[in-house]
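> got a structure for you, letters missing:
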């Protein structure tokens, strides 16, 4: 363990072996930090915050501060961060609220660039990328392998599906199904995330199946219910379509269409 002499670490904080904490950082009494995590200078870790193993947290980040929600009344809500994440400079992650499950949750192996804001009750999966200044309002869900471009803004209660791609400076006010790419100041659908799927090992046949599913959802003229039924039939022959069917069966805020 390496803790700089100017860092303020509360005696009640649980800091594992192999953790490094930089100059002038502050670690509060209810914080837990897993083995191998590196905390840069001028970082504030507060609230009921649990951080897993082998994370890299860069300078001036604030993790675990209370929600920016006027209904919050001091409840003991949480921020839980998994393993292997990179969290760059000036990021702000808030704890949850009792209006949801009381937890803001970040998964594993996410690449989160400078100035990203993750608000209360957000749920982030694994292997996502969020570029500089992307911002998530409360209760947003981001699926595995999703990518958010710089300055992307996600409205509260929206869901970003697995393998989706949000272009830079896009304003997203409805959910985005898995595999779909959106772009534009007011985000609109542009196609599927073909390059991302190839990089993640999808076969040409699987990519073609996703492309057929996209056409069914966006180009066939079917109603959403009709498209959902058609995709359910497709999923019986192509398992990668099941992800899309499951998403459409539970999404609450409506999809960009």
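That came through fine. Quick caveat: nothing in here was measured; it's all calculated off a predicted structure. Numbers count the residues shown, from 1 in each chain.
> For the rest of this, base every contact and every neighbour count on C-alpha atoms.
Will do.
> Next up, the contacts around the closest residue to residue 3 other than its chain neighbours.
Nearest in space to residue 3, with sequence neighbours left out and distances taken as CA to CA, 6 or more residues apart in numbering, is residue 21 at 4.7 Å. Neighbouring residues of residue 21 by CA atoms under 8 Å, 6 or more residues apart in numbering: 2, 3, 4, 7, 38, 39, 40, 41.
> For those, which entry has the maximal number of neighbours?
residue 39 (27 neighbours; other CA atoms under 10 Å).
> and it, how far is that from residue 104?
Distance, residue 39 to residue 104, by CA to CA, to the nearest Å: 20 Å.
> Name the SS class of residue 150, please.
Classification of residue 150 using DSSP: H, G, I helix; E, B strand; the rest coil returns coil.
> Please read the previous query as pertaining to residue 182.
Looking at residue 182 with three-state DSSP, the answer is strand.
> What's opposite it in the beta bridge?
Per DSSP bridges, the residues bridged to residue 182 are residue 166, residue 189.
> show me the contacts for it.
Shown in contact with residue 182 (CA under 8 Å, 6+ apart): 165, 166, 167, 170, 176, 188, 189, 190, 191.
> ok, it to residue 41 distance?
Applying CA to CA, the value for residue 182 to residue 41 is 36 Å.
> Likewise for residue 87?
Note on residue 87: its distance to residue 41, by CA to CA, is 13 Å.
> Between those two, which contacts overlap?
Jointly contacting residue 87 and residue 41 under the rule CA under 8 Å, 6+ apart are residue 58.
> which residue is nearest the middle of the chain?
Nearest to the mean C-alpha position of the chain, counting by CA atoms, centre = their mean, stands residue 124 at 3.1 Å.
> thinking again about what came up before, now, the most widely separated pair of the contacts of residue 21?
Farthest pair in those (CA to CA) is 7 and 38. Separation: 13.2 Å.
> Would you report the backbone torsion angles of residue 20?
When read as degrees, to the nearest 10, the backbone of residue 20 gives phi -120, psi 140.
> close enough to count as contact, it and residue 34?
No: shown here, residue 20 and residue 34 do not form a contact pair, counting by CA atoms under 8 Å, at 10.6 Å.
> So which of the two has more stuff around it?
Using other CA under 10 Å as the criterion, residue 20 and residue 34 rank with residue 34 on top: 21 against 18.
> how about the strands in the stretch 151-257 of the chain?
153-154, 159-160, 165-166, 171-172, 180-183, 188-192 (DSSP state E, counting those that start in this stretch).
> For the third one, name the packing helices and strands.
Other elements packing on strand 165-166 under the criterion 3 or more CA pairs under 8 Å, 6 or more residues apart in numbering; DSSP states H and E are strand 147-148, strand 180-183.
> pLDDT of it, averaged?
Strand 165-166 shows a mean pLDDT of 98.
> so how far is it off the chain centroid?
From the chain centre to the centre of strand 165-166 is a distance of 12 Å (CA atoms, centre = their mean, to the nearest Å).
> contact partners of it?
Residues from elsewhere that reach strand 165-166, judged by CA under 8 Å, 6+ apart: 146, 147, 148, 149, 152, 179, 180, 181, 182, 183, 193.
> Can you get me a residue count around the first one?
It refers to residue 146. By the measure other CA under 10 Å, the count of residues near residue 146 is 27.
> Distance check, it against residue 102.
24 Å.
> now do residue 163
Residue 163 sits at a distance of 26 Å from residue 102 (criterion: CA to CA).
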